[in-house]
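1. Any chance you could fold what I've pasted below:
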Amino acid sequence: MDTVEKIVEDFASDIAMSPFSSGTRLRDMIRAIRACKTAAEERAVVRRECAAIRTAISENEPELRHRNMAKLMFIHMLGYPTHFAQMECLKLIAAAGYPEKRVGYLGLMLLLDERQEVLMLVTNSLKQDLNHPNQFIVGLALCALGNICSAEMARDLSPEVERLMRSREVNTKKKAALCSIRIVRKVPDLAENFMALAASLLKEKHHGVLISAIQLCTELCKASKDALEYLRKNCIEGLVRILRDVSNSSYAPEYDVAGISDPFLHIRVLKLMRILGQGDADCSEYMNDILAQVATKTESNKNAGNAILYECVQTIMGIEATSGLRVLAINILGRFLSNRDNNIRYVALNMLMRAIAVDALAVQRHRTTILECVKDADASIRKRALELVFLLVNDTNVKPLTKELIDYLNVADPDFVGDLTSKICSIVEKFSQEKLWYLDQMFKVLSLAGNHVKDDVCHALIVVLSNASELQGYSVRSLYKALQTYGKQGSLVKVAVWCIGEYGEMLVNNVGMLDGEEPIKVTESAAVDAVEAALNRHSTDVTTGSMCLVALLKLSSRFPSTSERVKQIVAQNKENVVLELQQRSIEFSSIIQRHQSIRSSLLERMPVLDEASYMVKRATATQATISADKIAPAVAPGGLKLPNGVAKPTSAPLADLLDLSSDGAPASTTTSTTTPNDFLQDLLGISGVSTSPTVVTSTASTDILMDLLSIGSSPSQNGAPVTDFPHPGQAESKPVHAVPEAIDLLGSLSSKTKSTHVVPQAMDLLDGLSPSTSVSGLEKTAHPSITAFQSATLKVTFDFKRQPGNPRETAIHATFTNLTSSAFTDFIFQAAVPKFIQMRLDPASGNTVPANGNGSVTQGLNVTNNQQGQKPLAMRIRMSYKVNGEERLEQGQVSNFPSGL
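-> Just a heads-up that it's a prediction; the model follows:
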């Protein structure tokens, strides 16, 4: 009989402990889930367990409610839905016992948030528990309220929290202060109710209460200016007392961290003092003594002490501290730089970058230590130290700092050389006072890290060289010697080859020797050898190869004795697989063989470039690049175009000789607009040549010479890309005026497509044009203006101009007028066209549209209708802008274009 009873009891126990019954213990469910080998098995276990819990909920089994809630919280942490049991949380909270309430409140904080409507039902239970005589139940309610409190709950329960902040129980006061932080964040208007209570809590002795009170004061300062002023008047003395007591306190085991008494309280007090002292001289003066005491007495051999010192430095630099105290703070950061811990050095470098704006002289004293950090093994420290060195450079220390950085280039990590080179070039360009020093430093950088120097830096160097006539001989000799040793550095090769081509006779004849410079013996053949070696070594680089061919062509004119050899070298590239080099080789061979009479005048030295105007253009290009990074990318024709016309035109390699990677915006179609792409014209000295007083495109007068040297990939550098093959149904383009065959690329391979641009008399380079050449073809056809878009706030008008030689292409001038009384900022214009239309946007004249029509923003568009005469122009436009910081968006469709476009 006893055996039967035991079997029945064991059976009943097995049923109760089944892994899929509502009576399963939490540990058994966790064990069953961890035993699953696949995600499908885990989902099956969770699904069966949730079904058992649903059954228990429907049967209303109160004795298993807390166990089911514990299991649901674990299931929730695994990422499975548990919303079906939210009401069980409320039932447990409403229970009388502490264990049920504890599980209920924990479930409330995990399974619900302030956006749940169910949360409205718990407000009454929270109010009852906040008034409960048991301090532990009160603590549960405060924790829950501090985690999920909504604005409505904050207003309803704020009086209870204020009352509990006056409680005698330390834990209750601490939790009430933390709960009030949430209330202030949700309802800033209630901040005034807690100002006096927060100030009174600063008189407590318990560190937990003090930290909570300081946190509450910090939040009050952020929420209300009135609270900030109140705390400045009533809390500064208390904060100074707290900081002095905790700094001078004896050893206390409950607060000790690595020999430092409560570093957490230290840091919280210092942060609050920084907020209160910022912009207030009286408060800052009151803090100076205690901050100096903390900065001098805190030990720096432990991480806790370093944390306090770092926060103390931040406070000193953030308030109106005395100059002596700031020097002390910067000296602490200097000690940090010698620490072995990389994290400490990194935060010190970060803080020193901000300290430069406050006291640059004090930071300069640690220049040697900062330079050592540039050579650190840690990549993050190297980069941050390099940025700090860049900020430290001024007119007095630029030479020693630059020397240190250039010397480090020899041993720098390959991944770091690019950043280091960029900073050195920026420093040399910004602070150079003598052209000779500038050239020497740039030659060193090109020799050591030429593969990392950007093309715009080489471009700027070329401009300086063309203007420094007294240093051209010295420069070409220096570059020739560097080329013999560092011939693998790409940018060095480009600059050296350009200089040898331009100033080769200075190299051979030692012209322009400087005092103390040793002469070198270079023959004409040796100069050609140097360029030939560069051509062979960099044959895969189209840009460098093209420049070498140009240099060889010029040397054939400078040194007639080498003409035959140059001809052979150039001819070797006639079958080059690279089309650009093949074309240049054929054209240059034709110049050498067939045009001896004009070769010397054609290959004269380039004119002096305008250095000032180039710097303006470069700054414009940089600004355009920055703007391009902030806006959406362009898409294919028929899609949305790049806003404000910051588009990179299609161009062949070496499109502007040295501006190889220009990302500047394309120029507009009038000669008054200057863009970085105009540098070619400056370089060749043919800018703005025109024989007609009417408006002419800036590239029309230079196309013959550009074709002659194969510079650029299309007849119109600033226009839409032009191909050699017409669209279906389109006749071949005919020239406006006949051009003799001798002028068409000097006997180029292809003559199917002729340029539609007129050759002005000033461009009669090859004796191929008649002096009576007419320019009447440049006159433009006009169409009436239209209002493309108009709303209550914005008006957009389009003006049209067309070229008779290309009836499919139309230039549109868009004008944007603000009709409201508030200015439009961050204005961006975007447009989309069908696939049979090609469009290019030029940069806008600005991004701010003045109010009340007092001015406007303009922008140019070029559209090419490939089905002109069959389908009319169509366009959708969109304008986005901000009004008083609020974003606005307007869009519409333009369907009233003039007929014939």
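2. CA only for contacts and neighbour counts going forward, please
-> Will do.
3. quick one, strands of the stretch 751-900 of the chain?
-> For the stretch 751-900 of the chain, strands defined by DSSP state E, counting those that start in this stretch occupy the ranges 781-790, 794-803, 806-818, 825-832, 837-841, 857-865, 875-883, 886-894.
4. Can you say which of those strands is packed in most?
-> Using mean count of other C-alpha atoms under 10 Å, the stretch among these with the greatest mean number of neighbours is strand 837-841 (a mean of 23).
5. so what strands line up beside that strand?
-> The strands beside strand 837-841 in its sheet (DSSP bridges) come out as strand 857-865 (antiparallel).
6. per-domain residue ranges of this protein.
-> The chain breaks down into these structural domains: 438-617, 786-894 (assignment by the TED database).
7. Would you reformat the ones you listed as a markdown table and include distance to Thr218 and mean pLDDT?
-> Supplementary listing: the domains of the chain in a markdown table, determined by distance: least, C-alpha to C-alpha, whole Å; pLDDT from 0 to 100:
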| stretch | distance to Thr218 | mean pLDDT |
| --- | --- | --- |
| domain 438-617 | 48 | 87 |
| domain 786-894 | 28 | 88 |
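8. where does Val511 land in three-state SS?
-> coil (DSSP: H, G, I helix; E, B strand; the rest coil).
9. Please identify the helix or strand for the spatially closest residue to it that is not a sequence neighbour.
-> If the residues on either side of it in the chain are set aside, Val511 comes closest to Gly473, at 5.6 Å by C-alpha to C-alpha, 6 or more residues apart in numbering. Gly473 is part of helix 472-485 when elements are defined by DSSP states H and E.
10. which strands and helices sit next to that helix?
-> Applying 3 or more C-alpha pairs under 8 Å, 6 or more residues apart in numbering; DSSP states H and E, we find helix 472-485 packed against helix 435-449, helix 455-467, helix 490-509, helix 524-537.
11. if you set the cut-off to 7 Å instead, what comes out?
-> Identification of packing neighbours for helix 472-485 by 3 or more C-alpha pairs under 7 Å, 6 or more residues apart in numbering; DSSP states H and E yields helix 490-509.
12. With respect to Asp129, which of the strands of the stretch 751-900 of the chain lies nearest?
-> Shortest separation from Asp129 across the strands of the stretch 751-900 of the chain is recorded for strand 886-894, at 44.3 Å, computed as C-alpha to C-alpha.
13. Tell me which strands the closest one pairs with, and in which orientation.
-> Each strand that pairs with strand 886-894, with its direction, by DSSP bridges: strand 875-883 (antiparallel).
14. how big is the angle separating the strand it pairs with from strand 806-818?
-> Between the direction of strand 875-883 and that of strand 806-818, the angle (axes from the mean of the first three to the mean of the last three C-alpha atoms, to 10 degrees) works out to 30 degrees.
15. Figure out how far strand 875-883 is from the centre of its chain.
-> When distances are taken as C-alpha atoms, centre = their mean, to the nearest Å, strand 875-883 is centred 24 Å away from the chain's centroid.
16. got a list of contacts for it?
-> In this structure, residues lying in contact with strand 875-883 by C-alpha atoms under 7 Å, 6 or more residues apart in numbering are 822-833, 887-894.
17. how about 8 Å then?
-> Contacts to strand 875-883, defined as C-alpha atoms under 8 Å, 6 or more residues apart in numbering, come from residues 822-834, 887-895.
18. Tell me if I'm right that the residue nearest to Val511 and Glu517 touch.
-> No - with the criterion set as C-alpha atoms under 8 Å, Gly473 and Glu517 do not qualify as a contacting pair; they are 11.0 Å apart.
19. Give me the more crowded residue out of those two.
-> Regarding Gly473 and Glu517, a neighbour count based on other C-alpha atoms under 10 Å identifies Gly473 as having more, with 25 against 8.
20. Quick one: residues contacting Val417.
-> When the contact criterion is C-alpha under 8 Å, 6+ apart, the partners of Val417 are 409, 449, 452.
21. Out of those residues, which is nearest to Cys50?
-> Of those, the one sitting nearest to Cys50 (C-alpha to C-alpha) turns out to be His452, at 62.2 Å.
22. With Lys375 as the reference, measure out to the closest one.
-> Counting by C-alpha to C-alpha, to the nearest Å, the gap from His452 to Lys375 is 18 Å.
23. before we move on, back to that, can I get the strands of the stretch 751-900 of the chain in a markdown table including distance to Asn193?
-> As requested, the strands of the stretch 751-900 of the chain are arranged in a markdown table below (distance: least, C-alpha to C-alpha, whole Å):
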| stretch | distance to Asn193 |
| --- | --- |
| strand 781-790 | 52 |
| strand 794-803 | 47 |
| strand 806-818 | 46 |
| strand 825-832 | 40 |
| strand 837-841 | 58 |
| strand 857-865 | 51 |
| strand 875-883 | 36 |
| strand 886-894 | 33 |
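24. Tell me which of the ones you listed lies nearest to Arg335.
-> Nearest of the strands of the stretch 751-900 of the chain to Arg335, taken as C-alpha to C-alpha: strand 825-832 at 44.9 Å.
25. now for the strands of the stretch 751-900 of the chain, which one comes closest to Gly487?
-> Judging the strands of the stretch 751-900 of the chain by C-alpha to C-alpha, what sits closest to Gly487 is strand 837-841, at 40.6 Å.
26. tell me the strands in the stretch 101-250 of the chain, going along the chain?
-> Using DSSP E, counting those that start in this stretch, strands in the stretch 101-250 of the chain do not occur.
27. which residue sits closest to His366 in space, ignoring its chain neighbours?
-> Of all residues beyond its chain neighbours, the one nearest His366 is Gly334 (6.2 Å), with distances taken as C-alpha to C-alpha, 6+ apart.
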